[in-house]
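Undergrad: Quick one: sequence plus predicted model below, questions after.
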Amino acid sequence: MNTGVLRLENISSDDLHLFGGKAINLSVLLQKGFNVPFGVALSKGIFEKFLEHSGLEINSIRQVHTLAMISLESVLHDCYQWECRILNSIETVCVPEYLIQEIMENLDESSEYAVRSSCISEDSSSTSFAGQYVSFLHIKGKENILSAVKKCWASQYSKRGNSYAMNHKGMPIISPSMGVVIQEMVHPDFAGVCFTQGPTPKTSDFAIIEYVDCIGEVLVSGERTPDHIEIDKQNIIRKRISSGKNKKTLNDILILKLLEVCRRIENDFNAPQDIEWAIIGEEIYILQTRPITILGKETTGNTSQKLYLSHSAFDLKNELHDLILSEIDSSGFRGANYFLCKQHEQGFWSNPEIPEWDTVGTAESVYLLYKGGIPANMIWENVLEGARTRFGISLAQKWLLQKAGTDGNWGTDLWDTCQVLISLITTGMSPDAVQIKNGISYVKSHFEKGFAEANNNEWYGAAFLASSLKLFHLIKYKKECTQCIDLLRKYQDEEGNFYINTAQNQNVPSEWHTAQVISALCFVNESNNDILQMINKSCKWLVTKQNKEGFWGVKEGAYSPFNITFTSYAIMALKDSGINYNGQISKAIKWIKTQQNLNGNFGDIWSTMMALSAIQKVTGSLFSFPIPLPVYIKLQKAILK
């Protein structure tokens with residue numbers, strides 16, 4: 001294994017992770033006897049040596065890159081800081097003499113070269129970064145070659161490259177992952193591309209050749225419209241479209257000769273290929289080849305053969321990341337990663353601007369994780385802090401128990417207390433535990449005081465009755481369940497809305513109350529026709545309150561910052577009902593995702609928690625797939641050791 005500079009024909013297919021797909025494919029072509037212009041390849045090790053020479057710590061960059069795989073907020077910030085430092089080094093630091101000698105050893109300063117990037121993730125059939133980086137043509141002389149090499153390195157961190165990486169990988173590529181190919185320039189009579197299989201369903205039975213009568217770069221870059229030829233499997237030209245731009249035309253003999261070469265390449269690589277070529281006289285040169293990635297159907301072949309174009313074993317972490325992103329909601333995945341890293345080392349989640357919500361917010365966070373498949377007894381390490389800091393549902397449970405008031409309450413009102421009790425009991429804590437038992441007694445005693453005494457308290461409304469109903473059903477208090485349902489039936493209006501109009505809560509959007517009632521009634525319903533009618537009536541009312549943009553809530557005013565929360569409750573209610581409101585739910589989920597920030601959050605921590613709850617309700621677990629997310633993070637770390 002060589003980590004420096006090699007002639008193309010001397011590169012091993014096992015070195016994909018060092019030289020990149022472009023270099024490996026050219027090496028394979030040469031070893032198979034195809035006519036490829038002379039060239040050398042620089043491994044990513046040359047890039048790493050340059051960065052080390054400039055004073056940057058490669059291990060630190062790799063560590064940040066690894067953490068960026070899970071798109072944590074603080075790590076993304078570090079990523080962009082590292083990008084700036086790397087780009088500054090490329091721009092200001094000279095290549096050291098020992099690297100210059102290594103790069104120029106097989107090159108002639110009087111010859112012209114094409115200098116092209118060869119990204120480690122490029123030209124792979126599973127996740128192609130093809131075309132996202134750069135080429136520099138007619139490069140002559142040592143200084144110009146070195147300048148072009150540095151520009152190739154810098155292209156890894158360009159806005160275009162990073163945007164592509166974020167969209168397709170869900171992360172920036174920070175760790176040096178750029179090889180470089182330097183090839184002798186050819187000055188062709190014709191140049192172009194050949195798709196050995198058309199890249200669309202309509203053209204999949206044809207080979208397609210497009211060409212210009214000059215260098216192929218003007219075709220690849222879109223500067224020039226090419227002539228277009230389609231050839232069937234019997235080598236019959238079925239379509240020929242002239243661009244009117246070429247002064248010379250490729251004759252049929254050369255067309256079929258070129259096609260024969262390209263089909264041999266397809267056979268050797270065992271997959272349809274996108275091949276760049278050049279012709280001088282009657283001599284055919286192959287400039288690069290890569291798999292066609294947009295066919296829409298799987299290619300066949302002997303899977304026991306070495307896959308030159310696929311990710312090799314070193315890239316297992318990337319494959320695992322890609323697999324997870326293909327299996328679950330990517331927006332939810334990013335949000336889930338953000339949310340996990342926000343647990344405080346004492347166990348709670350917090351919004352410093354609204355500290356009075358920490359208790360109920362932590363309770364609902366615990367419920368979210370547990371419903372997402374994380375076992376209540378699992379402990380994991382924060383990947384940013386190392387082994388010294390441990391996290392998990394059980395730590396949050398412990399913190400919640402410590403927050404119990406002397407009279408058995410939690411938080412600021414009875415709704416908070418009910419939510420905490422529901423969370424603790426659902427996640428496995430016994431109703432007979434002292435703090436929980438006291439909390440149940442507190443709720444029960446206040447509930448029994450009746451509506452007349454409590455109707456001026458903000459907590460006393462349909463939402464409180466809904467949370468009480470869920471709690472009483474969970475602990476099998478049948479009499480209290482019946483009382484809750486009777487009260488709710490009394491306060492449901494003709495349209496289906498549940499709302500108790502008090503001085504304190506009259507400005508809260510009533511769908512916040514009604515949505516929680518729907519979910520609570522669904523939670524306790526045992527095919528009771530009266531309850532089903534209440535649910536159906538409320539759902540019909542609820543969908544009328546959805547704004548045309550997809551959200552529930554208010555467009556302006558004091559409660560507009562909580563629209564994600566209102567919308568999330570509505571989504572969960574409609575989903576719980578089992579009635580087909582898929583259109584409304586889909587529209588609402590789409591709106592919620594428009595509120596997501598680059599770091600994965602949906603605003604403050606509680607808006608994020610509610611958004612994740614809604615997405616998880618619709619798409620399934622965001623925290624296990626099928627292993628819990630903390631295990632996945634630990635696995636990533638282990639792979640890199």
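TA: On my side now, so go ahead.

Undergrad: Pass me the low-pLDDT residue ranges in the stretch 301-450 of the chain, would you?
TA: 301-328, 381-389, 450 (pLDDT under 70).

Undergrad: Identify each of the strands in it and give its residue range.
TA: Remark: strands assigned in the stretch 301-450 of the chain by DSSP state E, counting those that start in this stretch are 380-381, 390-391.

Undergrad: With the chain instead?
TA: Using DSSP state E, the strands of the chain run over 5-7, 39-42, 112-119, 135-140, 178-184, 190-195, 207-212, 227-231, 237-241, 273-280, 283-291, 380-381, 390-391.

Undergrad: So what's the gap between the first one and the chain middle?
TA: Right, strand 5-7. 35 Å (C-alpha atoms, centre = their mean, to the nearest Å).

Undergrad: which of the residues in it are buried?
TA: V5, L6 (16 or more other C-beta atoms under 10 Å). Glycine gets a C-beta too; all of them are placed from N, C-alpha and C.

Undergrad: and that strand, which strands flank it?
TA: Strands adjacent to strand 5-7 in the sheet, as given by DSSP bridges, are strand 39-42 (antiparallel).

Undergrad: Which residues does the strand it pairs with contact?
TA: By C-beta atoms under 8 Å, 6 or more residues apart in numbering, the residues outside strand 39-42 that reach it are 4-8, 11, 19-20, 23, 26-27, 103, 106-107, 113, 118, 149, 179-184.

Undergrad: now do 6 Å
TA: Residues outside strand 39-42 that contact it (C-beta atoms under 6 Å, 6 or more residues apart in numbering): 5-8, 11, 19, 23, 106, 179-183.

Undergrad: Make TSV from the strands of the stretch 301-450 of the chain and add distance to E480 and mean neighbour count to it.
TA: Supplementary listing: the strands of the stretch 301-450 of the chain in TSV, determined by distance: least, C-beta to C-beta, whole Å; neighbours: other C-beta atoms under 10 Å:
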stretch	distance to E480	mean neighbour count
strand 380-381	38	18
strand 390-391	35	18
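
Undergrad: re the thing from before, for A463, which of the strands of the chain is the nearest?
TA: In terms of C-beta to C-beta, the element of those nearest to A463 is strand 390-391, at 30.0 Å.

Undergrad: Sheet partners, orientation included, of that closest one?
TA: Here, using DSSP bridges, strand 390-391 pairs with strand 380-381 (antiparallel).

Undergrad: In contact with C152: list those residues for me.
TA: With C-beta under 6 Å, 6+ apart, C152 has these contacts: S117, V134, V180.

Undergrad: hmm, 7 Å instead?
TA: Contacts for C152 were tallied using C-beta atoms under 7 Å, 6 or more residues apart in numbering; they are V115, S117, Y133, V134, M178, V180.

Undergrad: could I get those as TSV with neighbour count?
TA: What follows is the contacts of C152, written out as TSV (neighbours: other C-beta atoms under 10 Å):
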residue	neighbour count
V115	26
S117	26
Y133	25
V134	17
M178	27
V180	31
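
Undergrad: Could you dump those into JSON lines and include pLDDT?
TA: Converted to JSON lines, the contacts of C152 look like this (pLDDT from 0 to 100):
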{"residue": "V115", "pLDDT": "95"}
{"residue": "S117", "pLDDT": "88"}
{"residue": "Y133", "pLDDT": "59"}
{"residue": "V134", "pLDDT": "79"}
{"residue": "M178", "pLDDT": "84"}
{"residue": "V180", "pLDDT": "94"}
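
Undergrad: Below-threshold pLDDT in the stretch 1-150 of the chain: ranges please.
TA: 1-3, 58-80, 121-133.

Undergrad: where exactly do the helices run in the stretch 1-150 of the chain?
TA: 16-19, 21-31, 44-53, 58-68, 73-92, 97-104, 142-155 (DSSP state H, counting those that start in this stretch).

Undergrad: Could the C-alpha coordinates of the shortest one be exported in PDB?
TA: Once non-C-alpha atoms are left out, helix 16-19 reads as follows in PDB (Å, rounded to 0.1, in the frame of the first residue of the first chain):
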ATOM      1  CA  LEU A  16      -9.800   3.200  -3.300                       C
ATOM      2  CA  HIS A  17      -9.800   4.900   0.100                       C
ATOM      3  CA  LEU A  18      -6.500   6.500  -0.700                       C
ATOM      4  CA  PHE A  19      -6.700   7.600  -4.300                       C
END
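
Undergrad: Name the residues of that helix that are buried.
TA: For helix 16-19, using 16+ other C-beta under 10 Å, the buried residues are L16, H17, L18, F19.

Undergrad: pLDDT score for H168?
TA: Predicted confidence (pLDDT) at H168: the value is 40.

Undergrad: Over to I589?
TA: With respect to pLDDT, I589 has a value of 96.

Undergrad: cool, and the one 5 residues further on?
TA: In this prediction, T594 carries a pLDDT score of 93.

Undergrad: go on, S163?
TA: 45.

Undergrad: same thing with C194?
TA: 92.

Undergrad: Enumerate every residue touching it.
TA: C194 neighbours (C-beta under 7 Å, 6+ apart): A207, I209, L258, L259, C262, I275, W277.

Undergrad: Tell me the backbone dihedrals of G428, please.
TA: phi 110, psi 0 (degrees, to the nearest 10).

Undergrad: ok, of the contacts of C152, which one's closest to S330?
TA: Nearest member of the contacts of C152 to S330, counting by C-beta to C-beta, is Y133, at 23.7 Å.

Undergrad: Can you lay out the strands of the stretch 301-450 of the chain as JSON lines showing distance to M610?
TA: As requested, the strands of the stretch 301-450 of the chain are exported to JSON lines (distance: least, C-beta to C-beta, whole Å):
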{"stretch": "strand 380-381", "distance to M610": "23"}
{"stretch": "strand 390-391", "distance to M610": "21"}
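
Undergrad: which stretch among those comes nearest L488?
TA: strand 390-391 (37.9 Å).

Undergrad: Same list, the contacts of strand 39-42, but as JSON lines with distance to P226 please.
TA: Shown next, in JSON lines, are the contacts of strand 39-42 (distance: C-beta to C-beta, whole Å):
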{"residue": "V5", "distance to P226": "34"}
{"residue": "L6", "distance to P226": "33"}
{"residue": "R7", "distance to P226": "32"}
{"residue": "L8", "distance to P226": "27"}
{"residue": "I11", "distance to P226": "31"}
{"residue": "F19", "distance to P226": "30"}
{"residue": "A23", "distance to P226": "26"}
{"residue": "N106", "distance to P226": "33"}
{"residue": "G179", "distance to P226": "29"}
{"residue": "V180", "distance to P226": "27"}
{"residue": "V181", "distance to P226": "24"}
{"residue": "I182", "distance to P226": "26"}
{"residue": "Q183", "distance to P226": "22"}
